[in-house]
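# here you go, sequence then predicted model.
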Amino acid sequence: MVRNRELVRFLLFGIGIAAAGAAAGYFLPEYAYLVCLLFCLAEIAVFTGYTMRRYRQMEKLSDYLKRIGRGDYSLDIRDNVEGELSILKNEIYKVTTRLREQAEYNVREKYYLADALSDISHQLKTPLTSMMVMTDLLKEEGLPPDKREEFTDTIRAQLIRIEWLVTSLLKLSRLDAGTIVLESRPVSAAEVIGRAAQHLLIPMELKGIEFEVQGEENVTFPGDLSWSAEAFANILKNCMEHTPPGGRIRVMYEENHLYTVISVEDNGEGIAAEDLPHIFERFYKGKNAGADSVGIGLAMAYEIFAKEQGKIDVTSKEGEGTRFRVKFYTNEK
């Protein structure tokens with residue numbers, strides 16, 4: 001309480017007036033009642049002035065809060081003077097700062113959402129337009145059987161692409177919303193890579209790509225088996241798409257007392273230096289991206305690893321290949 005300068009000042013004024021009144025009553029006993037009356041009026045005047053001053057400060061705070069309610073976060077009411085009102089001002093300023101940051105974040109999210117919706121609509125518009133054209137062609141009576149089969153296969157491929165895009169977007173939105181809780185338990189690196197590569201082994205074989213896995217069977221890391229497999233599948237798929245026929249994809253994993261590291265590298269076309277800082281951004285497509293690339297697989301992998309407290313980095317050189325390295329730090333081994 002003694003740190004509240006406003007209260008201390010008021011108490012000192014009151015004590016001073018009371019002491020002066022007592023002294024005057026002592027030296028002027030015949031006018032004691034007048035002296036008492038005058039000093040009581042002085043006490044009332046001091047209290048009234050103190051109260052009015054506080055109300056003026058409260059009125060300023062009220063006006064400040066109204067301006068905050070209208071979205072004006074530019075005012076600064078911080079007060080370095082000790083006192084209950086000064087503490088209140090500083091707390092209100094802290095809340096104002098958080099509200100301003102939240103408002104700026106909401107604006108950024110609004111523009112991000114608009115850009116994301118634009119990208120999604122663009123990704124869906126192209127295959128839908130293609131399918132509409134081909135369905136019109138399929139209606140033609142004189143269409144040769146081989147062309148009919150070709151158009152049907154193309155439509156099926158486009159539908160598979162749309163299904164993958166929608167499924168990936170739903171997974172990303174669930175990750176963003178925090179509705180998915182990833183487990184954190186010991187996961188076998190060999191099992192994760194096995195799951196991740198399961199549906200890619202045949203496409204890699206058809207393309208003549210050598211797939212090699214190196215590492216001890218007992219290597220583990222803290223994470224979620226299913227979602228980790230999803231993330232590594234996206235990395236392997238990216239490597240496969242950018243590795244020429246007859247190329248090689250190698251996965252290596254090892255652990256020590258600080259972390260487990262899993263590397264995925266290829267000897268494909270590589271990533272341009274100007275694209276490297278952006279490859280984990282959603283819908284980003286570098287200059288070496290394929291025509292069917294959506295730009296969402298690596299972004300999803302990045303989000304999954306981030307939620308597992310994993311760190312992913314990439315090094316690449318055009319014409320020589322790309323290497324992804326994921327580190328999972330742990331305090332217990």
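Cool, got the structure.
# so what does residue 246 look like in phi/psi?
For residue 246, the backbone dihedrals are phi 90, psi 0 (criterion: degrees, to the nearest 10).
# ok, and what's touching whichever strand or helix holds residue 312?
Assessed by DSSP states H and E, residue 312 sits inside strand 310-317. For strand 310-317, contacts defined as C-beta atoms under 8 Å, 6 or more residues apart in numbering pick out 221, 223, 270-271, 276, 279-280, 301-302, 305, 322-329. (Each C-beta comes from the backbone N, C-alpha and C, glycine too.)
# ok, residue 228 - how many residues close by?
Residue 228: 28 surrounding residues under other C-beta atoms under 10 Å.
# and if you look at the one 3 residues further on?
By the other C-beta under 10 Å criterion, the neighbourhood of residue 231 contains 28 residues.
# next, name the residue at the spatial heart of the chain.
When C-alpha atoms, centre = their mean is applied to the chain, the residue found nearest the centroid is residue 176 (7.4 Å).
# ok, residue 200 to residue 316 distance?
20 Å (C-beta to C-beta, to the nearest Å).
# and if you look at residue 255?
In terms of C-beta to C-beta, residue 255 sits 25 Å off from residue 316.
# before we move on, what about residue 256?
Distance from residue 256 to residue 316, by C-beta to C-beta: 25 Å.
# got it, and residue 245?
20 Å.
# neighbour count winner among residue 255 and residue 316?
Using other C-beta under 10 Å as the criterion, residue 255 and residue 316 rank with residue 316 on top: 22 against 19.
# please enumerate the helices of the stretch 101-250 of the chain.
Using DSSP state H, counting those that start in this stretch, the helices of the stretch 101-250 of the chain run over residues 145-177, 189-197, 201-207, 225-241.
# what's the neighbour count on residue 57?
The number of residues packed near residue 57 is 18, by other C-beta under 10 Å.
# what's the burial count for residue 233?
21.
# re the thing from before, residue 45 is nearest to which of the helices of the stretch 101-250 of the chain?
Residue 45 lies closest to helix 145-177 among the helices of the stretch 101-250 of the chain, at 60.8 Å (C-beta to C-beta).
# pull out the buried residues from that closest one.
By 16 or more other C-beta atoms under 10 Å, the buried positions in helix 145-177 come out as 151, 155, 158, 161, 165, 168-169, 171-172, 175.
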